[in-house]
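Student: Got a predicted model here, sequence first, then my questions.
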Amino acid sequence: MNIETAPGFRARVAKHAALADPARLRMVDLLTLGDFSPTELQAELGMPSNLLSHHLRSLEEAGLVIRHRSEADRRRSYIRLAAGALAGLVPGAEHGARRLLFVCTRNSARSQLAAALWRQVSEIPSTSAGTHPADRIAPGAIEVARRHGVDLPDLPPRRLDRVPGEGDLVVTVCDNAHEEMGGLGGVHWSVRDPLRLGTEEAFEEAFEDIAHRIHDLAPRVLAA
C-alpha cells in the first residue's frame, strides 16, 4: 500500500504532528469545550503572544482550528475547532454538572434552542437565560425548531440573575453575553446571531451549529 496516497492519511499525520506539542494539545483540549479568543487562550496557557500565534498557525495549517471575528467587538476574534477536527481522536476530560445553563443576550433564540436540543440527548436538566432578555421567543427560533421536530417550550425569556443554580455548567452561546460576563461562563460557543439577518437560512445555520456542538458535548458531561 502506498501510504502517501491513502485517503486521509496525510491529514491524520498532520493532525497528530500538530498535537504532539504539549501546548497545542492543551489548546485543543480547551477548545473541545468551546471557543476562546487568543487573549483568553494566552491567559489560560501563560505564554507570550508571539508563541501563541505560532502554535495557532500550526493548528490552523493542520486543519484543527478556524477563527472568525466577534460579532460584539470586531477587533476580537475567536478560535474554534474545525468541523470533524477530532474524528478518530480522543477528546479531553469529562465534566460533571447538575444542570446546563445556556446563556445569550436576549434569550430569544440561541440559548432557547440549545436548552431544547440538550433535552433531546441528555438526562441532565437544562435551562436558558439572557443578559438582556427580550419580550418573547423569536418567531424564527420557533419555526426552525418546528422544522426539525424539536420541542421548544413556550417559555418567556428570563434574566440571567434569576436563573443560576449551584452546580450549573454555564454555556454562553453569544459573543455579547460572553464578553459582557467577562468570560466567566464555563464554556463559550461563538454562534452567529440569526436575528441580525432574520432569515430562514440564518436560523438554520445557528440551529445546525448548536446541534453539532450539543452532540459533541453531551457524551462528555456527567451528572454531578
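Tutor: Perfect, I can see it now.

Student: can I see the domain layout of the chain?
Tutor: Domains of the chain are assigned by automatic domain parsing as 9-81, 95-223.

Student: highest average neighbour count across those?
Tutor: Each of the domains of the chain was scored by mean neighbour count; the highest is domain 95-223, a mean of 19, by mean count of other CB atoms under 10 Å. Using the backbone N, CA and C atoms, a C-beta is placed for each residue, glycine as well.

Student: What average pLDDT does it get?
Tutor: On average, the pLDDT along domain 95-223 is 94.

Student: Could you dump the domains of the chain into TSV and include distance to Ala87?
Tutor: Shown next, in TSV, are the domains of the chain (distance: least, CB to CB, whole Å):
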stretch	distance to Ala87
domain 9-81	9
domain 95-223	11
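
Student: From Val170, how far off is the spatially most central residue of the chain?
Tutor: Nearest to the geometric centre of the chain sits Trp189, at 2.6 Å (CA atoms, centre = their mean). The gap separating Trp189 from Val170 is 11 Å, by CB to CB, to the nearest Å.

Student: what residues are up against the residue nearest to the centre of the chain?
Tutor: Contact partners of Trp189, counting by CB atoms under 8 Å, 6 or more residues apart in numbering, are Gly34, Asp35, Ala114, Val171, Thr172, Val173, Asp209, Ile210, Arg213.

Student: redo that, cut-off 10 Å
Tutor: Trp189 is in contact with 33-35, 78, 80, 102, 104, 110, 114, 171-175, 178, 209-210, 212-214, 217, counting by CB atoms under 10 Å, 6 or more residues apart in numbering.

Student: With that, I have no additional questions.
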